[in-house]
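# Pasting the sequence and the predicted model now:
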Amino acid sequence: MGSSESTANQTQSTGGDSWFADYFGFAEHGTDLKTEIVAGITTFLTMSYIVAVNPAIMSNAVQIPGYSQGQVIQMLAVVTILASVVATTVMAFYANRPFAQAPGLGLNAFFAFTVVLGLGIPWQTALAAVFVEGLLFIFLTAIGAREYVVGLIPEPVKFSVGTGIGLFLGIIGLQAMGVVAADEATMITLGSLAQNPVAIVSILGLFLTMGLYARGVKGSIIVGIALTTVAGFVLSYLGYAPEALSGAFITEGAFVASKLPAATYDISPLVGAFLSGFGNVEGFTFALVVFTFFFVDFFDTAGTLVGVGQAGDFLDEEGELPDIDKPLMADAVGTTAGGILGTSTVTTYIESATGVEEGGRTGMTALVVAVLFLLSLAFVPLAAAIPMYASHLALVVIAVLMMRNVVEVQWDDITHAVPAGLTIMVMPFTYSIAYGIAAGILSYPLVKAAAGELDDISVGQWVLAGAFLVYFVVRTGGIVG
């Protein structure tokens, strides 16, 4: 009698009578519907800032004739949401893991500032590279080539990429906030903070956001963005914007709080735009862009899966995530869908750890995140109201968090310190994630060979280094425009 009653109680507590419990295996994973819903809400709140930040970054590169910047931002917000829904839904039903996905920070900056604005590649061609990278990811995942690809990239480069991207995001964010300014003598310098209302509000917003994050407040980043936006609009209303331009944006240190553009849900100018991009492909440069998208996406996702998996006690005795190919496939499908829809590479978010800490253990958590992203379509018009100084403070917060992985580098080993250091330094100083990765990969076999450690270098690593050497010569020699 007691045993039967205990079994009945367990069935009830895990939602054994529901379709969700049966499909996602609540009993097997020791969870229930309520826990999964709370976990999904928590994850969504911590990563929802991407709905505002991704369009703000991508709009620097995506220009559509006949549409205002506000309308383009709204279009990008819609495709950001849809790409997130597609990827996270695949994660829920195919991988059955509590991991959420969305267009990745760092990769969107690479798309906008390096590929389009830096290399002069049309944004449609950049989307074509995202699409190709997604197909490549799908193919390599399907044939189980993950271990070979992982082994091809030097360890110090893997551990330092996150820090380099963090610095890259940080300088972009600080510039938008008015904290960092251009200088003819030193290239960059501290802005005129005390004379710039935007910088003052941005800094206060940044520290408020970091304080909320440190306190463990769910959705701290999106709350910080919202409060900073409101503060800027209030100051604008009170007359602290003598140089304000028209539109709901911030430019040249001026607050603006004007009427929002009409809601724009027609994303037809973005969907399928990647197809026309194949007509502007320059072989080697396109291959480098695809490789960089793939490299950063692959290792960012793999590292996030292992890190979040560790928090959820998902790892096996060897520290591996069982069936990791399934969440990797979800990432690959999401990236391909993102390229088709019109946004940069989709990746798994480390913020998924917050949901796991709340008890999320199955794909039901991911499904809740996908549903909440879908519901956020109702708030798309607000994306155009968020000024750049407010949305970009999120980049500085994320930049600080991304620099934590630098401790994994073996700095006391010169053969690790050189490629890691170059990877980290070259990214922000050349405004290019690709150049940083290339510098790290190129230097690794050279410094290893100089140290007499030839056995540590694979043939594939020599081939990669040689390819990047050729690229640097071609690119900086003016052969490629």
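Everything's here; your move. Note that the structure is predicted; figures quoted are calculated from it, not measured.
# Would you mind measuring from residue 297 to residue 440?
As judged by C-beta to C-beta, to the nearest Å, residue 297 and residue 440 stand 17 Å apart. C-beta here means a position set from N, CA and C on the backbone, and glycine is covered the same way.
# Next: residue 395.
Taking C-beta to C-beta as the criterion, residue 395 is separated from residue 440 by 22 Å.
# my guess is residue 223 meets residue 212, correct?
Yes: under the criterion of C-beta atoms under 8 Å, residue 223 lies in contact with residue 212, with a separation of 6.0 Å.
# Poorly predicted segments of the stretch 101-250 of the chain, please.
Filtered on pLDDT under 70, the stretch 101-250 of the chain yields the residue ranges 146-147, 150-151, 240-250.
# how does it look with 50?
242-250 (pLDDT under 50).
# hey, where'd the strands end up in it?
Ranges of strands in the stretch 101-250 of the chain, per DSSP state E, counting those that start in this stretch, are 101-103, 180-183, 187-190.
# From the rest of the structure, what touches the second one?
Read it as strand 180-183. For strand 180-183, contacts defined as C-beta atoms under 8 Å, 6 or more residues apart in numbering pick out 171, 174-175, 188-192.
# can I get the strands of the stretch 101-250 of the chain in CSV with mean neighbour count and distance to residue 470?
Compiled in CSV, these are given as follows (neighbours: other C-beta atoms under 10 Å; distance: least, C-beta to C-beta, whole Å):
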stretch, mean neighbour count, distance to residue 470
strand 101-103, 31, 31
strand 180-183, 14, 33
strand 187-190, 11, 29
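# Adding distance to residue 70, write the ones you listed out as JSON lines.
JSON lines is the format used below for the strands of the stretch 101-250 of the chain (distance: least, C-beta to C-beta, whole Å):
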{"stretch": "strand 101-103", "distance to residue 70": "19"}
{"stretch": "strand 180-183", "distance to residue 70": "26"}
{"stretch": "strand 187-190", "distance to residue 70": "29"}
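# and of those strands, who's closest to residue 81?
Residue 81 lies closest, by C-beta to C-beta, to one member of the strands of the stretch 101-250 of the chain: strand 101-103, at 8.6 Å.
# need the contact list for the most centrally placed residue in the chain.
Nearest to the centroid of the C-alpha atoms of the chain, with distances taken as C-alpha atoms, centre = their mean, sits residue 104, at 1.8 Å. For residue 104, the residues meeting the contact criterion (C-beta under 8 Å, 6+ apart) are 296-297, 300, 344-347, 349.
# mind redoing it with 7 Å?
Residue 104 makes contact with 297, 300, 345-347, according to C-beta atoms under 7 Å, 6 or more residues apart in numbering.
# which stretch among the strands of the stretch 101-250 of the chain comes nearest residue 56?
With C-beta to C-beta as the criterion, residue 56 lies closest to strand 101-103 of those, at 11.8 Å.
# what lines up beside the closest one in the sheet?
Applying DSSP bridges, strand 101-103 is found paired with strand 346-348 (antiparallel).
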